[in-house]
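Visitor: just a sequence and a predicted model for now, questions to come.
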Amino acid sequence: MISEDKKRYLKAGRHLMMGNVAMSEGALAAGLNYFGGYPITPSTEVIEHLAKRLPEVGGVCMQMEDELASINSVIGASLVGAKAMTATSGPGLSLMVETISMAANLEVPFVFCDVQRNGPGTGFVTEPHHNDLGLVRFSGNGEFQVIALAPMTCQELYDLTITAFNFAETYRCPVFILSDAYLGHLHEVVNIPPKEKVIQKVIKRELPPPEDFVKKFTYFDDITGEIVIPKPPQMGTDYCPALFLHQPHNYEGMPTPKPMQYLQSIMDKINKNKDKICLTDQYRLDDAEIVIVAYGLPVRASYRAVDMARDEGIKVGVFRLITVWPFPDEQVKKAVENAKAIIVPELNYTGVIAEQVERVSKLETPIVKIPEVCEFHHPLDILNAIREVAK
């Protein structure tokens, strides 16, 4: 539960903060009690900051011996009722996927900050590369859903981390914050709201009433057919299953002979709530004939390119993905349905999200990819693409 210790909440007002620090402070504001991690560039400032701050508010920051121990400690902390998270980069994420899959099976809520860097392999460790998107979406064996949020400013690293913890508590699944080497090390002004407003936003970790102790995992209501996501069980209380078996199980946690029904429950708890989970934004899109679909840092350059193109009389706008996974199929489909062309700038070579846009858009609509790796998009690069498709 959220400590009322005044040290947990920063003084309201404007603070100059590094991105990794802003994310850490957002986690503290959301009620973070436990951080388990292992230093890795470019996320190391997260564990450095929380090593100082968490003990101040009665929490624990533990540097583990490696990434496997880190993610397992996070799951263990969450199972005993702590709000828990870790932070790493691509190589660390690669080592953690087995436990992420297990956590998805057991519906253990936790938050994962991925400060993405260049790959494959070691890569350039201080350069941004949004090459973990596929790994995040399929972060382990089996079928399950994750939630992944893509901030574009230090302010959003603070705000969306609170949202990430709320999503984790509500939907009991892995929730990722997709940062990168540039955003994590960027220094910007972050507006911290008053403590009272922060507390109002946060979903607390708490037990259900005793009459609801029987059903501890997601299930379909026998009468309404609606999906029900109980509050997370806590070891050491009466609201705890006899076993934590990471196999197909029923709402009591016991093995079930109906694995299809079990898989449907952990998939549909996300799919049937996409209207609440899929956060998006629009910029000058009302009369746009050309639509830019972007997420993360490329959104910033896209906004500038749109303003420049509008000055030239070109009708173009931005549809921004704040939630990247689950992919907001219907929102994107509606945004691009009348587009003359679609432009997708990404900080990767493949065009991971461009492929998703192509999946939901009309076959005849051209999609222009603008890939960058280890470099920030320049607005002129995007403007030139706009000019080309506007001819």
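Guide: Looks like it arrived, so ask away. Residues are numbered from 1 along each chain as shown.
Visitor: what's the span of stretch 302-320, first residue to last?
Guide: 10 Å (C-alpha to C-alpha, to the nearest Å).
Visitor: show me which residues of that stretch are buried.
Guide: Across stretch 302-320, burial judged by 16 or more other C-beta atoms under 10 Å covers 302-303, 305-306, 308-309, 314-320. Every C-beta, even on glycine, is put in place using the N, C-alpha and C of the backbone.
Visitor: check stretch 110-128 too.
Guide: Here stretch 110-128 shows 110-119, 123, 127-128 as buried, counting by 16+ other C-beta under 10 Å.
Visitor: one more: stretch 196-207?
Guide: For stretch 196-207, burial by neighbour count (16+ other C-beta under 10 Å) applies to 198, 199, 202, 203, 205, 207.
Visitor: endpoints of it, how far apart?
Guide: 23 Å.
Visitor: next: stretch 27-35.
Guide: 10 Å.
Visitor: ok, stretch 191-209 next?
Guide: End residues of stretch 191-209 are separated by 37 Å (C-alpha to C-alpha).
Visitor: where does the stretch 251-391 of the chain dip in pLDDT?
Guide: Counting by pLDDT under 70, not a single residue of the stretch 251-391 of the chain qualifies.
Visitor: what segments of it are helices?
Guide: Ranges of helices within the stretch 251-391 of the chain are 259-271, 274-277, 298-311, 329-336, 352-360, 379-390, based on DSSP state H, counting those that start in this stretch.
Visitor: put the alpha carbons of the shortest one into PDB.
Guide: Same thing as helix 274-277. The C-alpha coordinates for helix 274-277 follow below in PDB (Å, rounded to 0.1, in the frame of the first residue of the first chain):
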ATOM      1  CA  LYS A 274      -8.800  -2.500 -25.300                       C
ATOM      2  CA  ASP A 275     -11.100   0.500 -25.300                       C
ATOM      3  CA  LYS A 276      -9.700   1.300 -21.800                       C
ATOM      4  CA  ILE A 277      -6.200   0.100 -22.400                       C
END
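Visitor: and it, which residues are buried?
Guide: Going by 16+ other C-beta under 10 Å, helix 274-277 has these buried residues: 274, 277.
Visitor: that helix - contacts with which helices or strands?
Guide: Applying 3 or more C-beta pairs under 8 Å, 6 or more residues apart in numbering; DSSP states H and E, we find helix 274-277 packed against no helix or strand.
Visitor: which residues sit against it?
Guide: 147, 167, 171, 270, 323, 326, 328, 329, 330 (C-beta atoms under 8 Å, 6 or more residues apart in numbering).
Visitor: can you turn the buried part of these into a ChimeraX selection?
Guide: Buried members of the contacts of helix 274-277, defined by 16+ other C-beta under 10 Å, are picked up in ChimeraX with:
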select :147,167,171,270,323,326,328
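Visitor: format the contacts of helix 274-277 as TSV; extra columns: distance to residue 93.
Guide: Below are the contacts of helix 274-277 laid out as TSV (distance: C-beta to C-beta, whole Å):
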residue	distance to residue 93
147	15
167	19
171	20
270	20
323	19
326	19
328	23
329	25
330	29
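Visitor: about what we covered before: nearest to residue 216 among the buried residues of stretch 302-320?
Guide: Nearest to residue 216, judged by C-beta to C-beta, of these is residue 320 at 37.0 Å.
Visitor: domain parsing for the chain?
Guide: 6-201, 278-390 (automatic domain parsing).
Visitor: ends of the shortest one, what's the gap?
Guide: The reference is to domain 278-390. 30 Å.
Visitor: for burial, what's the neighbour tally of residue 345?
Guide: The tally of other residues near residue 345 (other C-beta atoms under 10 Å) stands at 28.
Visitor: burial check on residue 299, number of neighbours?
Guide: 24.
Visitor: next one: residue 117 from residue 270, what distance?
Guide: Distance, residue 117 to residue 270, using C-beta to C-beta, to the nearest Å: 27 Å.
Visitor: for residue 297, same thing?
Guide: Residue 297 is 26 Å from residue 270, by C-beta to C-beta.
Visitor: now swap in residue 11 and tell me
Guide: Distance, residue 11 to residue 270, using C-beta to C-beta: 36 Å.
Visitor: cool, and residue 112?
Guide: From residue 112 across to residue 270, the span is 16 Å (C-beta to C-beta).
Visitor: repeat for residue 319
Guide: From residue 319 over to residue 270 the distance is 21 Å, taken as C-beta to C-beta.
Visitor: and for residue 301?
Guide: The value you get for residue 301 to residue 270, if C-beta to C-beta is used, is 30 Å.
Visitor: wait, what's in contact with the residue lying closest to residue 281 once chain neighbours are set aside?
Guide: In space, and not counting its chain neighbours, residue 281 is closest to residue 320: 4.3 Å by C-beta to C-beta, 6 or more residues apart in numbering. By C-beta under 8 Å, 6+ apart, the contact list for residue 320 reads 152, 280, 281, 282, 283, 293, 294, 295, 299.
Visitor: mind putting those in CSV, distance to residue 54 included?
Guide: Converted to CSV, those look like this (distance: C-beta to C-beta, whole Å):
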residue, distance to residue 54
152, 27
280, 33
281, 32
282, 38
283, 37
293, 38
294, 34
295, 30
299, 31
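Visitor: list buried residues within those.
Guide: 152, 283, 293, 294, 295, 299.
Visitor: so which of the residues you listed are in strands?
Guide: Within the buried ones among the contacts of residue 320, residues falling in strands by DSSP state E are 283, 293, 294.
Visitor: out of those residues, who's nearest residue 22?
Guide: Distance to residue 22 across those (C-beta to C-beta) is lowest for residue 294, with 20.9 Å.
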